[in-house]
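J.: sequence and computational prediction follow.
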Amino acid sequence: MQMPNCCLRFAPDFHRAKFSAKVQATAFYRGMFQAQNFSVMMKTLEQLPAFTDGQKSVNVIIETPKGAPVKYSYRPESGAFYAKRLLPPGMVFPFNFGFIPSTLEEDGDPLDILLLNEISLACGCLVKACLVAVVNAEQTEHGKTYRNDRIVGAVLDEESPAEFLKLDLNQRRLSEIQFFFATYNRFSGKEFRVLGTGGPEQAGQLVRKGEKNWEASKRKLLQ
């Protein structure tokens, strides 16, 4: 039986729609599979070692890029980065901020590190950094004052000169760091006060202490 003209006009569109639906479904499930693999990959970030190159440098996962108006933070339970806080209008992060994997601070988070490099690095990027200094500081929140030292580093690549390992935290940089943290914490109802600075040796001690805290937390989970 011959099909009406309207059906003949409709039939190619119908088959084309079925084919398109199959393509979309295939793409959807492929996307789910890739997302699952991506999630598994992200969950391994905190399993990276803290030190690299025989403890001459550290691994750093970038959370908040330089110039970003948003504070980003990594969530190990989901393996994803999320927008934690919007900065006030006109305020951006003056440095790249990240964390050192396989370390743990007393507050339960990995050790934070501030990177002095001029270029902005992508959120989630893995970089190698040398330890430059420590900003010794106190932070006051809800009437309680506690130490909140900040590790400072600089990104290294395969062609970085050896003198990068001996960078100094000059007064201008220190003033920039102090001003940013004081302003950032003030908007969060906290007070940040710089007590002084330490060198790369003190920074290394803090990282090794963070490693021990990390190992201790893993042992508790296995008990």
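T.: Yep, it's here. Small disclaimer: the values here were computed from a predicted structure and weren't measured.

J.: where do the strands sit along this structure?
T.: For the chain, applying DSSP state E gives strands covering 51-52, 57-64, 70-75, 80-86, 96-100, 111-115, 126-141, 144-147, 150-156, 191-198.

J.: what angle do the fourth one and strand 57-64 make?
T.: Right, strand 80-86. Interaxial angle of strand 80-86 relative to strand 57-64 (axes from the mean of the first three to the mean of the last three C-alpha atoms, to 10 degrees): 60 degrees.

J.: what about dumping the CA coordinates of strand 80-86 to CSV?
T.: Extracted in CSV, the C-alpha atoms of strand 80-86 (Å, rounded to 0.1, in the frame of the first residue of the first chain):
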residue,chain,number,x,y,z
ALA,A,80,35.5,18.1,43.1
PHE,A,81,36.3,21.8,43.5
TYR,A,82,33.5,24.1,44.7
ALA,A,83,33.0,27.9,45.0
LYS,A,84,33.3,28.5,48.7
ARG,A,85,33.0,32.3,49.0
LEU,A,86,32.6,35.3,46.8
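
J.: begin at 48 from here
T.: Sure, I'll start counting at 48 from here, so that last one is strand 127-133.

J.: how about the CA coordinates for stretch 175-183, as PDB?
T.: Taking Å, rounded to 0.1, in the frame of the first residue of the first chain, the C-alpha atoms of stretch 175-183 are listed here in PDB:
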ATOM      1  CA  LYS A 175      55.800  21.400  41.700                       C
ATOM      2  CA  ALA A 176      56.900  24.200  44.000                       C
ATOM      3  CA  CYS A 177      59.900  25.100  46.100                       C
ATOM      4  CA  LEU A 178      59.400  26.300  49.700                       C
ATOM      5  CA  VAL A 179      60.300  29.900  50.100                       C
ATOM      6  CA  ALA A 180      59.100  31.100  53.500                       C
ATOM      7  CA  VAL A 181      56.500  30.900  56.300                       C
ATOM      8  CA  VAL A 182      54.400  33.800  57.400                       C
ATOM      9  CA  ASN A 183      53.900  33.300  61.200                       C
END
